[in-house]
Every structure is written in structure tokens, then in C-alpha cells.
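In: one predicted model, sequence on top.
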Amino acid sequence: MMKRLWKIALLFSSQVSVSFAINCAGCTPLDGLSFDKIISKFRASLVKFDVAYPYGDQHDEFAKVAKDAAEAGDLFVGEVGIKDYAEKDNMELAERFELNKDDYPTAFLFVKNIQGKVESFRFVGEFSAEKLKNFV
């Protein structure tokens, strides 16, 4: 009986940790079909490109930015989860922005210029909430 309870608890805790790692509060997951459609609707968009199931300090730092940006009117915060295995989800976006798995996580700021064309700027530096906010 105790072994069965232990297995159930282990299964539950693994499912909870995966659901927290999928995307952070205030982040909208993007894919090849939705990326341009959503980015074009906002004056500015901060997008993190990362592994499909991100976790760790850098993911937590981005989550802080997303939470703080929730009140910003025309700033969208999203993330693209990239798989380099199986179905290779979102690899076309990684290739489009010339990213490989050694680059993850990385962030881009997409800004509409006066003509309405979206320009991209790649974040370079320590992946911290403070530096990401200064970048935006």
C-alpha cells in the first residue's frame, strides 16, 4: 500500500513540475503558425526562444519580466519552445533567427517601426530580469 501511494505521489509531482515548466505566467506560447500573426498585432514584443520545456534560473528571470510586463499596454511577452528531436517543433523559427541549441535561452525584442514593419533586436548579455527590462 505504501509503495502504491509513493508511486502516485511521484507521478503527481512529476506532472506538476512539467506543467510549471511549460510556460510562465504572462507568457504566451508561440509556434510557426502563430508567431507573425501575434507579433504584428503589438507595438513591441519580447520573445524568448528556448528548449521546449524550459526550467531553471534563466527561465525564472524571464518569468519575472513577463509578470511585471502584464500591466504594460502594448507589450506582448511570449516564448517559443524549440525541439531538436522527434517532430522538431518550431525548428523553422530557430532557423529563421539563426539559433542553435547552444544559444538557448535567448530573447528578441520585436518593434514596429513608423512604417508598420516589424524589426527585431537580439538581446545580448546576462539573462537576468533587470537586464531584460533595461533591454525593453
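Out: It's in. Numbering: from 1, shown residues only.

In: ramachandran angles for the residue nearest the centre of the chain?
Out: Note on the chain: the residue nearest the mean C-alpha position is E79, at 2.3 Å, using Cα atoms, centre = their mean. The phi/psi pair for E79 (degrees, to the nearest 10) reads phi -150, psi 150.

In: show me what contacts the nearest residue to A70 once chain neighbours are set aside?
Out: Using Cβ to Cβ, 6 or more residues apart in numbering and skipping the chain neighbours, the partner closest in space to A70 is G26 (4.7 Å). Every C-beta, even on glycine, is put in place using the N, C-alpha and C of the backbone. By Cβ atoms under 8 Å, 6 or more residues apart in numbering, G26 lies in contact with 63, 66-67, 69-70, 77.

In: what subset of these is buried?
Out: Neighbour counting by 16 or more other Cβ atoms under 10 Å classes 63, 66, 69, 77 among the contacts of G26 as buried.

In: keep only those of those residues that are in helices.
Out: 63, 66, 69 (DSSP state H).

In: of the buried ones among the contacts of G26, just say which sits nearest to S128.
Out: S128 has its nearest neighbour among the buried ones among the contacts of G26 in A63, at 12.0 Å by Cβ to Cβ.

In: tell me the pLDDT of that closest one.
Out: Among the per-residue scores, A63 shows a pLDDT of 94.

In: wait, doesn't it sit right on D50?
Out: No. Applying Cβ atoms under 8 Å, one finds A63 not in contact with D50, separated by 11.5 Å.

In: quick revisit: pipe the ones in helices among the buried ones among the contacts of G26 into JSON lines and attach distance to G125 per row.
Out: Shown next, in JSON lines, are these (distance: Cβ to Cβ, whole Å):
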{"residue": "A63", "distance to G125": "18"}
{"residue": "A66", "distance to G125": "18"}
{"residue": "A69", "distance to G125": "18"}
